[in-house]
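Trainee: okay, structure incoming, though there's no sequence with it:
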């Protein structure tokens, strides 16, 4: 699925030749392939996956590769029992958000591009850069609330599922205050539940709607920003021409099911 997503970039170029954002001329971002390996996986298999993904990236169009610096492969090791959707994903982001030793220490902003975060328009990287550059206001997290069919979430009782910014978004990992904030949220969740029973991206919003955290949250609420450059369709079917017509600023779609015909 990761490879299929990358192949879409050959159609929906990350940046446009001749219209490359000025930042890309000086400091191109990197595509970072990021994986977790169970501790039982031998080193040889880990190396094979790294080589496979880097070699596949090299087959992409020059229209794609001109937008990025050299690709990277990063990984963490996890316990076999932690190889689940909720826990495994949380451990991956915890390594990125670590206060003392973040996995990408030179990064300022990152987009967590899961396998189902798909490009639907060209120049999506250029648009993302504009979301992080002046005159945009500073943020810690910028992404999308659920934008799919309302009927699919009616009756939802876990409120953060409705209001949270989906984890396929932009994070300001270069801001140590954000990483410290995540640590405090994680401590709150562990104290409340013993562990995260829900996805890491809803943890932020579970913390924020607790009245006991209101005084802290009101001082950082402005660091959570919504944008329609990314749209979270989650479990919803969608038809790309409809998205293009209704949301001309949307360049990336998370989740959902692409339909061949109008809904």
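Mentor: Cool, got the structure. It should be emphasised that the depicted structure is a prediction, and the values quoted were computed from it without experimental measurement.

Trainee: state the next helix or strand along the chain beyond the lengthiest helix in the chain.
Mentor: When every helix of the chain is counted residue by residue (DSSP state H), the longest turns out to be helix 176-193. Using DSSP states H and E, the next helix or strand after helix 176-193 towards the C-terminus is helix 200-208.

Trainee: and that next one, what does it pack onto?
Mentor: With contacts defined as 3 or more CB pairs under 8 Å, 6 or more residues apart in numbering; DSSP states H and E, the packing partners of helix 200-208 are helix 85-96, helix 160-163, helix 176-193. Yep, even glycine has a C-beta here, placed from its N, CA and C like the rest.

Trainee: buried residues in the shortest one, which are they?
Mentor: Translated: helix 160-163. For helix 160-163, the neighbour count (16 or more other CB atoms under 10 Å) marks 160-161 as buried.

Trainee: so can I have TSV of the helices and strands packed on helix 200-208 showing distance to residue 218 and mean pLDDT?
Mentor: Putting the helices and strands packed on helix 200-208 into TSV (distance: least, CB to CB, whole Å; pLDDT from 0 to 100) gives the following:
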stretch	distance to residue 218	mean pLDDT
helix 85-96	25	95
helix 160-163	16	94
helix 176-193	14	96
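
Trainee: one step back: pull out the buried residues from the longest helix of the chain.
Mentor: Under 16+ other CB under 10 Å, the buried positions of helix 176-193 are 178-179, 181-182, 185-186, 188-189.

Trainee: now, which of these sits nearest residue 2?
Mentor: Within these, proximity to residue 2 (CB to CB) peaks at residue 182, which comes in at 25.1 Å.

Trainee: which one's the longest strand in the protein?
Mentor: Assignment by DSSP state E gives strand 230-238 as the longest strand of the chain.

Trainee: show me what contacts residue 58?
Mentor: Listed by CB atoms under 8 Å, 6 or more residues apart in numbering, the contact partners of residue 58 are residue 65.

Trainee: next: residue 144.
Mentor: When contacts are counted by CB under 8 Å, 6+ apart, residue 144 touches 165-166, 169, 226-228, 230-232, 254.

Trainee: and it, how close does it get to residue 210?
Mentor: Shown here: residue 144 relative to residue 210, a distance of 23 Å by CB to CB, to the nearest Å.

Trainee: and residue 50, how far from residue 61?
Mentor: Counting by CB to CB, the gap from residue 50 to residue 61 is 22 Å.

Trainee: the two: which has the busier surroundings?
Mentor: Neighbours were tallied for residue 50 and for residue 61 using other CB atoms under 10 Å; the higher tally belongs to residue 50 (16 against 12).

Trainee: next SSE after the host helix or strand of residue 51?
Mentor: With secondary structure defined by DSSP H and E, residue 51 is part of helix 43-58. Proceeding C-terminally, helix 43-58 gives way to helix 62-65 as the next helix or strand, assigned by DSSP H and E.

Trainee: tilt between the helix or strand that that following helix is followed by and helix 43-58?
Mentor: Helices and strands here follow DSSP H and E; after helix 62-65, the next one along the chain is strand 72-78. Interaxial angle, strand 72-78 versus helix 43-58 (axes from the mean of the first three to the mean of the last three CA atoms, to 10 degrees): 150 degrees.

Trainee: contact partners of strand 72-78?
Mentor: Contact with strand 72-78 is made by 30-39, 46, 50, 53-54, 87-88, 91-92, 95, 103-104, as judged by CB under 8 Å, 6+ apart.

Trainee: filter those down to the buried ones.
Mentor: 31-34, 36-37, 50, 53, 87, 91-92, 95, 103-104.
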